[in-house]
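> Give me a 3D structure for the following:
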Amino acid sequence: MELVVTPDNQPPPGVALGTIRAADGVGLRVARWTPSRPPCGTLLIVTGRSEFIEKYFETVGEALERGFVVVAFDWRGQGFSERELSNRFKGHIDDFALYERDLTAVTEQVLGPFCPQPWFALGHSMGAAVLLEQARRRRSPFARMVLTAPMIDIHVRHPDLARGLAVLLDAVGLGGAFVPSGGNRPIVARPFEGNPLTTDPVRFNRIKTILEAEPRLGIGDPTIAWVHAAFRAMRKFADSDYPRLITTPTLVVAAGEDRVVSTPAIERFSARLKAGRFVTLSRARHEILLERDDVRSQFWAAFDAFVPGAAGEAEALLARYGRAS
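Predicted structure coming up:
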């Protein structure tokens with residue numbers, strides 16, 4: 001198994017690439033990089049829906065420069081991990097608990113045997129939602145989490161109608177079908193103008209070029225079952241007690257111009273985190289790490305101020321705001 005390399009998207013050197021298997025036997029592609037100096041810990045990159053390892057080469061390089069061992073992986077149904085359906089371009093899952101199964105496999109088979117502690121997580125959108133649920137269940141192995149545009153709630157017309165339709169269509173056996181009007185085409189295959197992901201045409205086109213070089217990396221629109229599972233996951237976030245159960249120190253970075261997930265919902269959720277920090281990057285769209293240099297520099301300034309963090313800071317935050325019962 002190889003990484004997909006294009007002229008404008010070169011991987012950092014020294015990657016260890018392989019496949020591991022989740023508890024149910026699903027194969028997951030995993031990559032690990034080691035910095036050139038003694039590491040200060042490990043950063044696990046936890047990607048969003050439709051993403052893949054190659055999309056994060058630039059971010060991997062920046063984390064290596066900071067002295068982290070870096071691990072990235074493809075969720076089941078994405079990238080070069082095993083697909084759930086015969087049509088590999090359908091973004092499909094039956095339950096987000098399966099994603100936590102993938103996360104556990106990476107932790108047990110890659111982080112545990114090969115990566116120095118402390119462990120940190122950088123999660124985007126859907127991946128951030130999976131990390132939050134893991135933390136709420138008190139299963140998080142991470143010293144700190146940094147979450148970009150977490151999928152607390154999504155932008156959708158007539159949300160109640162969309163939820164009801166997803167429930168109905170899934171119940172009658174159409175869970176494996178694309179959402180209405182959905183298809184195989186990845187969102188980055190569409191024109192840059194008016195895209196909801198980034199204001200940076202260079203980085204947008206870089207991802208587009210990767211998928212042109214290797215279309216099998218991409219997926220198109222989600223299935224009915226994926227949408228139903230996402231609504232069930234997001235319904236939990238609406239519980240005011242949910243964030244109070246998360247004791248892992250967490251930095252939440254939202255995008256001021258996000259049209260994929262709801263920034264107001266993210267802000268309300270983050271305000272209730274006991275050991276949390278919240279930042280909005282006002283000129284960013286959903287893919288903060290694919291944004292222009294000035295936006296990305298703001299992100300890294302916030303990251304560097306939060307990770308690895310001062311000794312005892314997490315305990316101080318919890319002592320100040322109280323522990324979850």
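> Show the pLDDT at residue 179.
The model reports residue 179 with a pLDDT of 94.
> in terms of contact, does it touch residue 224 like I think?
Yes: between residue 179 and residue 224 there is a contact at 6.2 Å, judged by C-beta atoms under 8 Å. C-beta here means a position set from N, CA and C on the backbone, and glycine is covered the same way.
> neighbour count winner among those two?
residue 224 (25 against 18; other C-beta atoms under 10 Å).
> mind checking the SS state of the residue nearest to the more buried one when sequence neighbours are not counted?
Among residues not flanking residue 224 along the chain, residue 169 sits closest, at 4.6 Å (C-beta to C-beta, 6 or more residues apart in numbering). Secondary structure, DSSP: H, G, I helix; E, B strand; the rest coil: residue 169 is helix.
> swap in residue 19?
strand.
> Next, the contact list for it, please.
Applying C-beta atoms under 8 Å, 6 or more residues apart in numbering, we find residue 19 in contact with 1, 27-30.
> So which of those residues are in strands?
Counting by DSSP state E, these place 27-30 in strands.
> Residue 45 - that's part of a strand, no?
Yes: assessed by three-state DSSP, residue 45 belongs to a strand.
> right, and it touches residue 120 too?
No: applying C-beta under 8 Å as the test, residue 45 and residue 120 come out as separate, 10.1 Å apart.
> surely residue 44 meets residue 118?
No: under the criterion of C-beta under 8 Å, residue 44 makes no contact with residue 118, lying 11.4 Å away.
> Among these two, which residue is more densely surrounded?
With neighbours defined as other C-beta under 10 Å, residue 44 and residue 118 compare such that residue 44 has more, 27 against 15.
> And the more buried one, how far from residue 142?
7 Å (C-beta to C-beta, to the nearest Å).
> same check, this time on residue 241
Relative to residue 142, residue 241 is positioned 22 Å away (criterion: C-beta to C-beta).
> out of these two, which sits in the busier spot?
More crowded of residue 241 and residue 142, by other C-beta under 10 Å: residue 142, with 25 against 10.
> The more buried one: what's it in contact with?
Taking C-beta under 8 Å, 6+ apart, we find residue 142 in contact with 44, 119-121, 131, 135, 248.
> picking up where we left off before, between residue 44 and residue 142, what contacts are shared?
Contact criterion C-beta under 8 Å, 6+ apart; residues shared by residue 44 and residue 142: 119-121.
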